[in-house]
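> please find the sequence and the predicted model below.
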Amino acid sequence: MSRRNKLQRFADILSYPNVFENFDPHEAILLGHQGEEINLKGSWNSKHFKNDNPLVLELACGRGEYAVALARKYPNKNFIGVDIKGARIWQGATIALNESLANVAFLRTRIEIIDSFIDKNEIDEIWITFPDPFLRESKSNRRLTSHYFLNKYKEILNSEHVIHLKTDSPELYAYSLESIGSFEGAEIIYKHDNIYAQALENEDLKIKTYYERMHLKNELTIKYLRFKLNL
């Protein structure tokens, strides 16, 4: 993508009513429409979505394909796609606006500080869809199923929550099984290292992102975990 196109997308999302951005990870400042500062922590439903429906996060959402697809499927749930890449978020946010999907929004920030913008017990469900596996051991703490991030999720999930991981990476899948298995109070509800080898256990797994379609074209297998944390 050219620099010009990226700059145009950044300008677009600054004007989008469904995108909220944090530009400095050292300061918990969130900017909304036209750069207006807004505090949504603990009040995403009341201030933005204007209802009290269950709230679902898609972490490392990229283009926001899962968040948008789930929003279409579940109009009585609210969805927030979270990613640091504004040019990618632009795609999902644009589709949501064009389709008048009022139950999906996007948060541009680092996931490491997600609890700066989401309050305790505010989240019902998390989807982690094809995140960077950070294969170098020196970066293992950046994997979204590391104990560091599991502790972050504990800060924002409610007691009825569920977490999903969908990945093509055998390394991340194996690491996640070990990390979740050694995390106090965590419970793996379902696991499979090749979900398309049988009938899908969860209908929501039918949703395919751009990256998943590429992985399948390259004959990679898709792995899935569903788990909970003891809060």
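Ah, there it is. Numbers count the residues shown, from 1 in each chain.
> who's in contact with the longest strand that the chain contains?
Secondary structure assigned by DSSP state E gives strand 157-167 as the longest strand of the chain. Residues outside strand 157-167 that contact it (CB atoms under 8 Å, 6 or more residues apart in numbering): 121-131, 133, 144-145, 153, 173, 176, 189, 202, 204-205, 212, 222-229, 231. All C-beta spots, glycine's among them, are computed from the backbone N, C-alpha and C.
> so where's this structure shaky on pLDDT?
The chain contains residues with pLDDT under 70 at 1-4.
> how about the helices in it?
Remark: helices assigned in the chain by DSSP state H are 3-15, 65-73, 86-98, 147-154, 170-181, 210-217.
> and among these, the most buried is which?
Greatest average neighbour count among these goes to helix 65-73 (a mean of 22), per mean count of other CB atoms under 10 Å.
> helices and strands around that one, which ones?
strand 55-59, strand 78-83, helix 86-98, strand 104-108, strand 123-129 (3 or more CB pairs under 8 Å, 6 or more residues apart in numbering; DSSP states H and E).
> quick revisit: ok, of the contacts of strand 157-167, which come out buried?
Neighbour counting with 16 or more other CB atoms under 10 Å marks 122-131, 133, 144-145, 153, 173, 176, 205, 212, 222-229 as buried within the contacts of strand 157-167.
> who touches the closest residue to residue 41 other than its chain neighbours in this structure?
Using CB to CB, 6 or more residues apart in numbering and skipping residues adjacent in sequence, the residue nearest residue 41 is residue 119, 5.0 Å away. For residue 119, the contact set (CB under 8 Å, 6+ apart) comprises 41-43, 156.
> what about the residue nearest to residue 55 when sequence neighbours are not counted, how many neighbours?
Of all residues beyond its chain neighbours, the one nearest residue 55 is residue 78 (5.0 Å), with distances taken as CB to CB, 6+ apart. Residues lying near residue 78 (other CB atoms under 10 Å) number 24.
> pretty sure residue 78 sits against residue 44.
Yes - taking contacts as CB atoms under 8 Å, residue 78 lies within contact range of residue 44: 7.1 Å.
> now do the shared contacts for those two.
Shared contacts of residue 78 and residue 44, counting by CB under 8 Å, 6+ apart, come down to 55, 105.
> quick one: which of the helices of the chain is nearest residue 37?
helix 3-15 (13.1 Å; CB to CB).
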